[in-house]
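> predicted coordinates and the sequence they were generated for:
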Amino acid sequence: MAYYRYTNSNYYRPSFFGGFKYFPPVIKALLVSNTAVYLVTGLFGAFRLQGAQMADIINQYFPLYPLGGGFQVWQLFTYLFMHANFIHLLFNMFALWMFGMELENDWGSRKFLSYYLICGLGAGLSNLFIGPLLGPVGPPTVGASGAIFGVLIAFGVIYPDRPIFLYFLLPIRARYFIMFYIFMELYYELTGSAAGVAHLAHLGGAAVGFVYLMIDQRRIPFQRIISRARQRIVPSEKVEEYSSYDPRRAVDAKYSDVPDPEDHVDQQRIDEILDKISQHGYQSLTESEKKILFDASKKLN
């Protein structure tokens, strides 16, 4: 995929082969696991376990059900790996690869995976607790879209000037592309259009991701107020006392060599090592004895 990075009025295209790996570890694992769950559900769904079809068992325990309607704690994570159909899976995995690849290479796999799961958890909690306040409870939620909206937000915040080619033709900067997506999700949620899509989960994942980024970049609101409160706890007079520089109080530092006790090995110890060599050979020496003998030979030379 070709990205262009703007620097003032210029831009350049990073090398495809030398820039970054094509599939970083976490991206690869998420692509494989999501695809595997979809294939297993489809291929083995008709099989029966104790009289029940596998597809029914999977759909009963692993999507994110509403509170009081079959909800289990593990569903806050398992729903991220389930998808309604192939198109749902394809678009989610494409967006994950497209926007998450460079994030993982810049952040590292551990931080990227933590961020992805936190956004997915935030999306699920938004759907559980805020959704019932805005309307009737819908069907169980599936899909990684909430976590991927967090990835979109991170890409727009960290690489705001990267152009995204809309419909592979029209270039638009990442910040405006992400803002447009968020606006559309908010519009769909408020108007109730595009039914059957968990828009609130998308917005929840994006909101949690944005808060995470603000904390990570130390750009949280009221940061100046917090800094001033810290200064009040430590009086300014004390700060000046310990941080001010007075040239009259500066003195030349005195130093002296501290002898290394290992450098002083008496002749008696060396004679014992030599006697050991004459009786049992050089190979009988320990590593410390070899080192003593070696250091003594260097001093003689």
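Nice, I can see it.

> for the stretch 1-150 of the chain, what spans make up the helices?
16-19, 25-43, 54-61, 75-78, 86-107, 109-129, 131-134, 145-158 (DSSP state H, counting those that start in this stretch).

> what are the buried residues along the third one?
In this case it means helix 54-61. With burial defined by 16 or more other CB atoms under 10 Å, the residues of helix 54-61 counted as buried are 54, 58. C-beta: built from backbone N, CA, C; applies to glycine.

> on that earlier part again, select, out of the helices of the stretch 1-150 of the chain, the one closest to Tyr176.
Across these, Tyr176 has its closest neighbour in helix 145-158 (8.6 Å, CB to CB).

> could I get the buried residue list for that closest one?
145-157.

> show me what it is packed against.
helix 86-107, helix 109-129, helix 174-191, helix 199-216 (3 or more CB pairs under 8 Å, 6 or more residues apart in numbering; DSSP states H and E).

> pLDDT averaged over that helix, what's the number?
Average pLDDT, helix 145-158: 94.

> ok, now stretch 90-97?
93.

> need the contact partners of that stretch.
For stretch 90-97, contacts defined as CB atoms under 8 Å, 6 or more residues apart in numbering pick out 23, 27, 30-31, 34-35, 83, 143-145, 148, 151-152.

> which residues does Pro163 bridge with?
Beta-bridge partners recorded for Pro163 (DSSP bridges): Arg173.

> what number of residues lie near it?
19 (other CB atoms under 10 Å).

> please enumerate the strands of the stretch 201-301 of the chain.
Counting by DSSP state E, counting those that start in this stretch, the stretch 201-301 of the chain forms no strands at all.

> what about the helices in it?
223-233, 236-243, 267-280, 287-300.

> circling back: a markdown table for the helices and strands packed on helix 145-158, including distance to Leu285 and mean neighbour count?
Formatted as a markdown table, the helices and strands packed on helix 145-158 follow (distance: least, CB to CB, whole Å; neighbours: other CB atoms under 10 Å):
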| stretch | distance to Leu285 | mean neighbour count |
| --- | --- | --- |
| helix 86-107 | 51 | 18 |
| helix 109-129 | 46 | 21 |
| helix 174-191 | 66 | 16 |
| helix 199-216 | 56 | 22 |
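
> comparing these, which gets the lowest mean pLDDT score?
Among the helices and strands packed on helix 145-158, helix 174-191 scores lowest, with a mean of 85.

> could you chop this structure up by domain?
Annotated domains of the chain cover 5-216, 266-300 [automatic domain parsing].

> which residues does the closest residue in space to Ile130 that isn't next to it in sequence contact?
Leaving out its chain neighbours, the residue that sits closest to Ile130 by CB to CB, 6 or more residues apart in numbering is Leu200, at 6.1 Å. Leu200 is in contact with 126-127, 130-131, 134, 189, counting by CB under 8 Å, 6+ apart.

> same question for Leu67.
128-129, 132.

> cool, Val157 as well?
By CB under 8 Å, 6+ apart, the neighbours of Val157 are 210, 213.
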